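Visitor: Sequence plus predicted model, see below.
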Amino acid sequence: MARVAVFHNTLDFQGGADAVCLHACAALAEDHDVTLFTASKTDPVTLADRFDISLEADVVQPPGATALAAGFEALGPFVGPQLAARTTLLRLLCRRRLDSFDAVVSTANELSIPGPSVQYVHFPQFRLTRTEAAETSALNRVWTRLAGPEAPADRRTRLVANSAWTADVVERLYGIRPTVCHPPVDRIDGRPWTEREHGVLVLGRIAPDKRTLEAVEVLDRLRERGYDLTGRIVGAAPPAYREYVGRVRRAAAERPYLGVETDVSRERITDLLGRYRYGLNAKPREHFGMAVAEYVAAGMLPFAPADGGQVDVLDGDRRLLFDDLDGAVDRVASAVETDLRPFLPRDRFGSERFAAAMREHVAAILK
């Protein structure tokens with residue numbers, strides 16, 4: 001048994017990366033003493049319950065961490081999520097304590113850290129001025145100098161990526177290709193296809209990068225074509241995106257066929273996943289696509305842009321992938337017209353697979 005620190009810059013976005021963090025804590029706690037270091041206003045235990053995860057780890061918020069999280073939350077509408085800045089400052093606050101652990105597992109991307117580490121990359125957070133795959137600012141050079149790794153993989157460091165697409169980006173930036181380990185998504189039970197609602201579910205964080213309003217436009221255009229589809233938007237509404245969430249709420253209020261639910265329980269999410277026929281994601285360059293994977297796991301027909309990690313999730317099938325909003329409308333319309341039924345394996349991304357992989361990576365660096 002080893003002492004393992006899990007480093008996660010914030011849980012406040014309550015999305016797929018945070019689910020990976022909590023699943024990793026649960027998996028590693030079976031063999032090791034686990035301590036989670038984070039700077040969050042969100043209570044980790046409450047969030048773990050929402051994801052239906054048993055969190056058996058000590059949680060450490062270094063002095064000043066809560067104020068740091070509150071400050072980023074207040075600035076969010078103006079400067080964006082600033083993940084690299086969060087990582088840099090949290091690393092500064094807790095670096096001395098991390099030195100005392102046998103291994104560090106970063107579930108918040110790559111960073112410079114001493115000693116053995118597993119670094120799970122959802123998308124690189126440093127060196128972003130060197131890639132066109134992400135929007136960034138000149139400040140990223142500053143954060144890269146302060147906390148970015150020079151050579152993030154040696155025999156004591158393992159890089160892991162959430163998708164082949166993310167692995168490609170990491171390889172271009174660092175010259176090293178990570179091992180791909182898809183995030184955990186378990187099979188979700190639901191109604192038989194013929195008993196499901198004739199509607200579109202849009203699941204995931206409500207934020208500009210998720211293009212929630214573009215998903216609303218797809219539904220509008222389908223209805224204009226004569227398809228009597230309803231819609232429901234369900235997801236976290238982080239305070240950093242409160243202005244955008246307000247716009248989405250107003251759009252729903254103007255449409256009797258569209259509903260919005262925010263910050264709901266896991267039971268409610270699984271109920272909706274098991275009730276709807278169609279799932280839509282509108283974000284291009286999705287790093288993996290947890291919502292898309294949940295659509296598959298729940299026996300829905302999922303639709304997503306034809307780039308990013310969601311191509312992995314949808315096995316590259318062009319019946320489900322689109323290049324633009326016109327293509328999204330066409331794909332859903334074609335599925336309705338032909339009565340296309342779900343055909344992808346529902347248990348491909350199970351949590352036991354993920355847990356076993358994370359335990360193996362940690363065991364390897366401890367040797």
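Guide: Cool, got the structure. What you see is a predicted model, and the numbers here were worked out from it, not measured in a lab.

Visitor: So residue 121 sits against residue 165, correct?
Guide: No. Checked against C-beta atoms under 8 Å, the pair residue 121 and residue 165 is beyond contact range at 11.4 Å. The C-beta positions use only the backbone N, C-alpha and C, and glycine is treated the same way.

Visitor: The two: which is more packed in?
Guide: Using other C-beta atoms under 10 Å as the criterion, residue 121 and residue 165 rank with residue 121 on top: 25 against 22.

Visitor: Tell me, how many residues neighbour residue 351?
Guide: 17.

Visitor: For the helix or strand bottoming out on mean pLDDT in the chain, list every residue counted as buried.
Guide: Ranked by mean pLDDT, DSSP states H and E, the weakest helix or strand in the chain is helix 65-79, scoring a mean of 74. For helix 65-79, a neighbour-count test (16 or more other C-beta atoms under 10 Å) marks 65, 68, 69, 72, 73, 76 as buried.

Visitor: My guess is the fifth one contacts residue 39. True?
Guide: It refers to residue 73. No. In this structure, residue 73 is not within contact of residue 39 by C-beta under 8 Å, at 10.8 Å.

Visitor: sorry, back to before: give me the residues contacting the least confident helix or strand of the chain.
Guide: With contact meaning C-beta atoms under 8 Å, 6 or more residues apart in numbering, helix 65-79 is reached by 10, 12, 38-41, 81-82, 85-86, 89-90, 93, 238-243.

Visitor: Select from these every entry located in helices.
Guide: 85, 86, 89, 90, 93, 242, 243 (DSSP state H).

Visitor: Quick check: the first one vs residue 126, distance?
Guide: This means residue 85. 11 Å (C-beta to C-beta, to the nearest Å).

Visitor: okay, these two: which has more neighbours?
Guide: When residue 85 and residue 126 are compared on other C-beta under 10 Å, the one with more neighbours turns out to be residue 126, at 27 against 23.

Visitor: ok so that one is a helix residue?
Guide: No. Residue 126 is assigned coil when assessed by DSSP: H, G, I helix; E, B strand; the rest coil, not a helix.

Visitor: can you pull the contacts of it?
Guide: 84, 109, 110, 111, 140, 143, 144, 147, 148, 149.

Visitor: Format the residues you listed as JSON lines; extra columns: pLDDT and secondary structure.
Guide: Below are the contacts of residue 126 laid out as JSON lines (pLDDT from 0 to 100; DSSP: H, G, I helix; E, B strand; the rest coil):
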{"residue": "84", "pLDDT": "89", "secondary structure": "helix"}
{"residue": "109", "pLDDT": "94", "secondary structure": "coil"}
{"residue": "110", "pLDDT": "95", "secondary structure": "coil"}
{"residue": "111", "pLDDT": "91", "secondary structure": "coil"}
{"residue": "140", "pLDDT": "86", "secondary structure": "helix"}
{"residue": "143", "pLDDT": "87", "secondary structure": "helix"}
{"residue": "144", "pLDDT": "88", "secondary structure": "helix"}
{"residue": "147", "pLDDT": "89", "secondary structure": "helix"}
{"residue": "148", "pLDDT": "88", "secondary structure": "coil"}
{"residue": "149", "pLDDT": "88", "secondary structure": "coil"}
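
Visitor: what bits of the stretch 51-200 of the chain have low per-residue confidence?
Guide: Along the stretch 51-200 of the chain, the model assigns pLDDT under 70 to residues 76-80, 133-136, 151-155.

Visitor: For stretch 248-263, list every residue counted as buried.
Guide: Buried, per 16+ other C-beta under 10 Å, within stretch 248-263: 248, 251, 252, 258, 260.

Visitor: Quick check: the two most widely separated of these?
Guide: Maximum pairwise distance in these, criterion C-beta to C-beta, is 9.6 Å, between 248 and 258.

Visitor: Common neighbours of those two, please.
Guide: Counting by C-beta under 8 Å, 6+ apart, the residues touching both residue 248 and residue 258 are 216, 233.

Visitor: I'd like to know which elements the host helix or strand of residue 267 is packed against.
Guide: Residue 267 is located in helix 266-273, with elements delineated by DSSP states H and E. Under the contact definition 3 or more C-beta pairs under 8 Å, 6 or more residues apart in numbering; DSSP states H and E, helix 266-273 sits against strand 197-203, strand 230-235, helix 290-297.

Visitor: Nearest to residue 351 among those would be which one?
Guide: Among those, the nearest to residue 351 by C-beta to C-beta is helix 290-297 (10.6 Å).

Visitor: hang on, residue 2 packs against residue 33?
Guide: Yes. Counting by C-beta under 8 Å, residue 2 does reach residue 33; the two are 7.4 Å apart.

Visitor: all strands of the chain, in order?
Guide: 3-7, 33-37, 58-60, 103-106, 117-121, 157-161, 179-180, 197-203, 230-235, 258-262, 276-280, 301-305, 321-322 (DSSP state E).

Visitor: Those strands: which one's closest to residue 189?
Guide: Here strand 276-280 is closest among these (C-beta to C-beta), at 13.8 Å.

Visitor: Ignoring the adjacent residues along the chain, who's closest to residue 159?
Guide: Nearest residue to residue 159, sequence neighbours excluded (C-beta to C-beta, 6 or more residues apart in numbering): residue 178, at 3.7 Å.
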